[in-house]
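Here is my input; please provide its structure:
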Amino acid sequence: MCVEKGTRKMNEMANRICALITDGQPVAVATIISREGSGPRTAGSTMLIEPSGKFVGTIGGGKFEADVLTAAHTALTENQPQKLFFDLTSDDAAGMDMICGGTMTVLVDILKHDPDELAVFDAWKQTQETPVAAVLATVMTTNTTGALQTMRCLVYADGRAIGPWPFSSALLKRLTKIAEKGGAPRLIDAENAQILVEPTAEPVTLLIFGAGHVSMATARMAAEVDFRVVVVDDREEWANRQRFAEAEDVVVVDDFSSALAGFTIDKNTYVVIVTRGHSHDKTVLAQALSTDAGYIGMIGSRRKRDAIYAALKKKGTSNEALARVHCPIGLNIGAETPREIAVSIIAELIAHRAGAA
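Numbering: from 1, shown residues only. The predicted structure follows:
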């Protein structure tokens with residue numbers, strides 16, 4: 001049940017689920033559990049459908065969403081969850097008014113009055129109100145007749161589990177690691193089951209300083225792999241929605257001397273410095289090193305890096321602080337064009353997020 005953190009819609013959904021379960025009213029929850037290629041919404045996007053037809057949230061709109069709503073009413077009537085497959089590369093896509101060109105699998109689940117179910121969703125609701133590292137795990141299996149069965153469990157990063165857990169301790173440990181790292185919802189196959197794993201933690205925020213060609217390519221790719229992208233520059237003609245449609249926010253500052261002011265920067269914030277000049281890069285880097293950013297990367301050659309480091313050392317920056325910086329930024333893949341450089345940057349960011357670098 002992945003919804004954007006901090007929004008009224010998320011709170012509305014969490015509260016509504018708990019209220020309906022408490023009242024003994026069945027409710028359908030439609031969730032995109034996998035997506036290949038492009039689609040109207042990402043994996044984890046959810047909508048709540050009540051028997052009255054009222055719903056909260058969206059998974060894409062149009063005929064696609066209408067078909068899911070119809071399936072949800074059937075699932076509620078038959079008290080049977082369903083998996084739906086949509087091929088948006090086929091002729092059916094035209095009938096849905098979509099040009100996305102991908103495939104999606106949607107789980108239409110049924111939530112009923114059950115003490116275990118209520119305990120899980122009540123705990124999940126609390127993780128939204130007071131952020132706690134955990135994952136909501138929706139387990140999908142089939143019975144002897146081939147019918148889909150589901151169950152849920154909330155697993156905390158400290159190893160606690162709310163709800164039934166008929167699986168190995170090794171799998172539980174695997175989910176605790178995902179809970180600790182956070183990230184995007186994902187579908188995993190384990191122990192004869194498919195499990196939709198939805199971290200409660202905020203996605204990693206990627207602050208990109210600079211709005212040039214490398215920044216554009218990096219922002220686009222970063223959004224595709226589930227970073228929350230914010231672009232910062234001092235030129236409105238470069239830093240705007242037309243150039244950065246995928247970014248969650250585009251910020252124009254008066255100058256880079258206070259570029260990080262107003263941002264809350266912690267281990268789930270990554271800083272990428274790709275401004276238009278050495279002096280601006282040095283200015284932003286000096287500020288970034290005074291934060292708890294989980295990743296700091298700066299574009300440039302080793303010669304440029306050494307010059308900037310020497311200047312910062314003269315002002316008191318320690319070698320230990322500079323050791324935090326990834327410069328030259330990105331994996332060494334021989335990248336030359338802006339898009340190739342962006343690929344190398346994104347690869348390094350993914351590796352860092354996954355704990356592989």
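
right, and the helix or strand after the helix or strand of the chain with the lowest mean pLDDT?
Of all helical and strand segments in the chain, the minimum by mean pLDDT, DSSP states H and E falls on helix 92-95, at a mean of 50. Note on helix 92-95: by DSSP states H and E, the next helix or strand toward the C-terminus is strand 103-111.

as a whole number, average confidence for that next one?
Averaged over strand 103-111, pLDDT sits at 89.

do stretch 119-130 as well
85.

Ok, stretch 167-174 next?
In the prediction, stretch 167-174 has an average pLDDT of 91.

Repeat that for stretch 321-333.
Mean predicted lDDT for stretch 321-333 stands at 97.

buried ones in it?
Using 16 or more other Cβ atoms under 10 Å as the test for burial, stretch 321-333 gives 321-322, 325-331. For glycine as for every other residue, the C-beta is placed from the backbone atoms N, C-alpha and C.

Just those: which are in helices?
321-322 (DSSP state H).

now, among the buried residues of stretch 321-333, which is nearest to Ile296?
Val325 (5.1 Å; Cβ to Cβ).

Look up which residues are beta-bridged to the closest residue to that closest one other than its chain neighbours.
Spatial nearest neighbour of Val325, excluding adjacent residues (Cβ to Cβ, 6 or more residues apart in numbering): Ile296 at 5.1 Å. For Ile296, the beta-bridge partners are Val271, Val325 (DSSP bridges).

what about Ile296, distance to Leu148?
From Ile296 over to Leu148 the distance is 45 Å, taken as Cβ to Cβ, to the nearest Å.

Which one of these two is surrounded by more residues?
Using other Cβ atoms under 10 Å as the criterion, Ile296 and Leu148 rank with Ile296 on top: 24 against 17.

The more buried one reaches Ala323, doesn't it?
No. Between Ile296 and Ala323 no contact is recorded; they are 10.4 Å apart, counting by Cβ atoms under 8 Å.

May I have the beta-bridge partners of the residue nearest to Gly57 when sequence neighbours are not counted?
Nearest non-adjacent residue to Gly57, counting by Cβ to Cβ, 6+ apart: Met47, 3.8 Å away. Taking DSSP bridges, one obtains Ala30, Gly57 as the residues bridged to Met47.

Identify the residues contacting Ile150.
No, residue 150 isn't Ile; it's Thr. 81, 107, 109-110, 138-141 (Cβ atoms under 8 Å, 6 or more residues apart in numbering).

of all these, which comes closest to Asp306?
Thr138 (50.6 Å).

Can you give me the buried ones in the helix or strand harbouring the closest one?
For Thr138, the enclosing helix or strand under DSSP H and E is strand 134-142. Within strand 134-142, the residues scored as buried using 16+ other Cβ under 10 Å are 134-140.

now for it, which elements pack on it?
strand 103-111, helix 115-129, strand 148-156, helix 169-181, strand 193-199 (3 or more Cβ pairs under 8 Å, 6 or more residues apart in numbering; DSSP states H and E).

Identify the residues contacting the very next helix or strand once past the shortest one?
Read in the C-terminal direction, the helix or strand following strand 193-199 is strand 205-209, with elements assigned using DSSP H and E. Surrounding strand 205-209, the residues in contact under the criterion Cβ under 8 Å, 6+ apart are 215, 218-219, 222, 227-233, 256, 259-260, 263, 265, 268-275, 280, 284, 349.

on that earlier part again, any chance of the contacts of Thr150 in TSV, with distance to Trp124 too?
Below are those laid out as TSV (distance: Cβ to Cβ, whole Å):
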residue	distance to Trp124
Pro81	18
Leu107	16
Asp109	14
Ile110	17
Thr138	11
Val139	15
Met140	18
Thr141	21
